[in-house]
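Peer 1: Could you work out the structure for the sequence below:
(chains A, B, C and D)
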Protein chains: 2
Amino acid sequence: MFRIGEFAQIAQVSTRQLRFYDQIGLLRPGRTDPQTGYRYYAIRQLPRLNAILALKDLGLMLDQIAPLLDEAISSKELRGMLLLKQAEAEQAIRIGEQRLRHIESRIAQIDRQGGISGYDVVTKSLPSQPILATRHTVADLEEGGPLVAAAAAAGHAALRPSQRGNLIVVARNNPDSDRLDLTIGYTLIRSIGRTLTAEGLTFSPENLPAVDTAATIVRQGTNPESHAAFGAIGTWIEANGYAVAGPSREIFLEPVLGPPGFDKALVEIQFPVTPA
Amino acid sequence: MFRIGEFAQIAQVSTRQLRFYDQIGLLRPGRTDPQTGYRYYAIRQLPRLNAILALKDLGLMLDQIAPLLDEAISSKELRGMLLLKQAEAEQAIRIGEQRLRHIESRIAQIDRQGGISGYDVVTKSLPSQPILATRHTVADLEEGGPLVAAAAAAGHAALRPSQRGNLIVVARNNPDSDRLDLTIGYTLIRSIGRTLTAEGLTFSPENLPAVDTAATIVRQGTNPESHAAFGAIGTWIEANGYAVAGPSREIFLEPVLGPPGFDKALVEIQFPVTPA
DNA sequence: GCTTGACTTTGACCCTACGTCAAACCTGTA
DNA sequence: TACAGGTTTGACGTAGGGTCAAAGTCAAGC
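Peer 2: Have a look, this model is predicted:
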């Protein structure tokens, strides 16, 4: 019989670990001196400890291991558990690889621009969202600016605050004409069934589909650095193994009061993505 | 200003998380009503929360994130931290892949032999170990059996219990002669400098080198299933991406009293390995 | 038999990043 | 004003031990 320290040295585990396994009933010492409480382990207990360590290494939790060793579980059930662990391990590897790509792209970003970007891309899911919006086709975002301002003002005036949520701009590349299809409007807190017209613009109810995974970024100011923000999110999407899977959305997180407010506005850009 | 639930919904985090971040000072609400304790968040706090989530996703711990956001850390230091995280992530992936191989080989084992093996391979490190041993060359392990028995008895008689540890057999393939070089002896608790002879066998002091990583297995009985145990450990080494890196060792964990005891003896087989 | 140093015991608190209650309190709408 | 639903603090739990501290034990040397 060995005292706990010797047994721990033989098996290369900590004494704390052995005491813990005793405590949870996973590996009881062969004998415990009733006077002193000293734990004495027989070398014959080494196989059981090794079995514990081997199964722990497979990712099983300690309370799952006990029934296995006491043979209270068939090999079919064990196979099932291992298949589950296999799936978990594969998932963990995928997440790890994704994290590694995140880190590498972040390091590359520092090396390129010498500092911390200020843009932080976050993935989230988007629920289905009813909006009231007006559609237009423009050459580029520059041209769309006044249109957004006009639509913002018109919608602001035409919708009561209890109905209207945030200003939103959905941009879709039109592959035929090399132009931009814009959908400009307000998210709706309460659904509206009818079309309405204000200041020469026609607003119709639509429904933005839910998105499982969207890469999003929050930035301040619309015009001068739009490029930078879109560039950052594009780089991120590519570097992290995603592909764009739908039209981008810009949500104005604060009410914007006329064109001068656009520069200070807080805008969330959302890009629906799928793993590529 | 949003109440905690709304803000949580916008950012897709739990309210518990926001309260926790408040508690640890990572993200304080813009205003806390001193009367009611209600937390009110400004939309302007969303970028900070997003930054937190993005950095957390890279594997940084929360207490590392706070100084980053408060710009108390240069981009050079951040780069260093990210390089560290990169190494951690790579390591985690390697461990995950290894675990996956372990699991797969275990499933395959169940499918092959329909049950739980009874052999559990565990890796450990071996310290440098002085021994007193006699060397011989034999055709195979069968032929070595009586030799081991003789050496065990001779050593047992010639060494005092306070000097002698366990019986050990080191087996090395001799590539020239296709025979087996055996080193048979006892581990030494206290070093001995001299050679001694007993029952016609010459025992010399040697030193078994330390081994960083050894794949080990504990089995009972030497003869009948030697093949099975060696086979199991060999399969394991191959399946888990290791390669054998030195002569195997067999440690008799219990004192073995004459040849009949060999069948009941508890033996640990150790194979030095390196990642292949 | 005594001393000494190494070992062991129990108990307690600590770690990450929150999840999950419970009891009491607050807010906004009908 | 009633009520439903949101919010507060506080406490306890998680997995697998690490890291003390105070007190008791063991073995060896003298």
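Peer 1: how much distance is there from the helix or strand harbouring A:H156 to the middle of the chain?
Peer 2: Using DSSP states H and E, A:H156 sits within helix A:141-158. In terms of CA atoms, centre = their mean, to the nearest Å, the centre of helix A:141-158 is set 32 Å apart from its chain centre.
Peer 1: if you look at stretch A:20-34, does any of it touch DNA strand D?
Peer 2: Yes: counting by CB under 7 Å from any atom of the strand, DNA strand D has neighbours in stretch A:20-34: A:F20, A:D33. Glycine gets a C-beta too; all of them are placed from N, C-alpha and C.
Peer 1: Would you mind listing the buried residues in that stretch?
Peer 2: A:Y21, A:D22, A:L26, A:L27, A:P29 (16 or more other CB atoms under 10 Å in any protein chain shown).
Peer 1: The nearest residue to the fourth one once chain neighbours are set aside and A:I65, how far apart?
Peer 2: If I follow you right, that is A:L27. Excluding its sequence neighbours, the residue lying closest to A:L27 (CB to CB, 6 or more residues apart in numbering or on different chains) is A:Y21, at 4.1 Å. Separation of A:Y21 from A:I65 (CB to CB, to the nearest Å) stands at 10 Å.
Peer 1: tell me, what's touching these two both at once?
Peer 2: A:I52 (CB atoms under 8 Å, 6 or more residues apart in numbering or on different chains).
Peer 1: ranges for the strands of the stretch 1-150 of chain A?
Peer 2: Using DSSP state E, counting those that start in this stretch, the strands of the stretch 1-150 of chain A run over residues A:2-3, A:31-32, A:39-41, A:122-126, A:129-138.
Peer 1: Mind putting the ones you listed into TSV with mean pLDDT?
Peer 2: Conversion of the strands of the stretch 1-150 of chain A to TSV gives the following (pLDDT from 0 to 100):
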stretch	mean pLDDT
strand A:2-3	94
strand A:31-32	94
strand A:39-41	96
strand A:122-126	91
strand A:129-138	91
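Peer 1: For A:A139, give me phi and psi.
Peer 2: phi -80, psi -50 (degrees, to the nearest 10).
Peer 1: contacting residues for the residue nearest to it when sequence neighbours are not counted?
Peer 2: Leaving aside its chain neighbours, A:A139 sits nearest to A:R179 (5.8 Å; criterion: CB to CB, 6+ apart). For A:R179, the contact set (CB under 8 Å, 6+ apart) comprises A:T137, A:V138, A:A139.
Peer 1: separation between A:R179 and B:A72?
Peer 2: Separation of A:R179 from B:A72 (CB to CB): 47 Å.
Peer 1: which of the contacts of A:R179 count as buried?
Peer 2: Buried among the contacts of A:R179 (16+ other CB under 10 Å): A:V138.
Peer 1: Also near DNA strand C: which of the contacts of A:R179, exactly?
Peer 2: Within the contacts of A:R179, nothing lies near DNA strand C by CB under 7 Å from any atom of the strand.
Peer 1: Just give me the closest of the contacts of A:R179 to B:I52.
Peer 2: Taking CB to CB as the measure, B:I52 lies nearest A:V138 of these, at 36.3 Å.
Peer 1: wait, what's in contact with the residue nearest to that closest one when sequence neighbours are not counted?
Peer 2: Of all residues not flanking A:V138 in the chain, A:G144 sits nearest, at 4.5 Å (CB to CB, 6+ apart). Each residue near A:G144 by CB under 8 Å, 6+ apart is listed here: A:H136, A:V138, A:V169, A:A171, A:L180, A:L182, A:I184.
Peer 1: Scan those and report the most crowded one.
Peer 2: Within these, most neighbours by other CB atoms under 10 Å in any protein chain shown means A:I184, with 26 neighbours.
Peer 1: now do the same end-to-end measure for stretch A:220-234.
Peer 2: Length of stretch A:220-234, first residue to last, CA to CA, to the nearest Å: 18 Å.
Peer 1: so what's the closest residue to DNA strand C within chain A scoring on pLDDT?
Peer 2: Nearest residue of chain A to DNA strand C (CB to the nearest atom of the strand) works out as A:G5 at 2.5 Å. Per-residue pLDDT puts A:G5 at 95.
Peer 1: With adjacent residues omitted, what lies nearest to it?
Peer 2: A:G5's closest residue in space is A:T15 (CB to CB, 6+ apart), at 5.9 Å.
Peer 1: And for that neighbour, the neighbour number?
Peer 2: Count around A:T15 with other CB under 10 Å applied: 15.
Peer 1: same deal with A:R172?
Peer 2: Neighbour count for A:R172, taken as other CB under 10 Å: 14.
Peer 1: Quick check: residues of the stretch 1-150 of chain A near DNA strand D?
Peer 2: Contact residues, the stretch 1-150 of chain A versus DNA strand D (CB under 7 Å from any atom of the strand): A:S14, A:R16, A:Q17, A:F20, A:D33, A:Q35, A:T36, A:Y38, A:K56, A:M61, A:L62, A:D63.
Peer 1: So the fifth one sits against A:Y40, correct?
Peer 2: Yes: in this structure, A:D33 sits in contact with A:Y40. The criterion is CB atoms under 8 Å, and the distance is 7.0 Å.
Peer 1: and the residue of the stretch 101-250 of chain A found nearest chain B, how many neighbours does it have?
Peer 2: Taking CB to the nearest CB, chain B has its nearest neighbour within the stretch 101-250 of chain A at A:D120, 3.9 Å off. The local packing of A:D120 (other CB under 10 Å) involves 23 other residues.
Peer 1: Identify the spatial nearest neighbour of it, chain neighbours not counted.
Peer 2: B:A54 is the one closest to A:D120 (CB to CB, 6+ apart), at 3.9 Å.
Peer 1: start to end distance for stretch A:191-204?
Peer 2: Stretch A:191-204 has an end-to-end distance of 12 Å (CA to CA).
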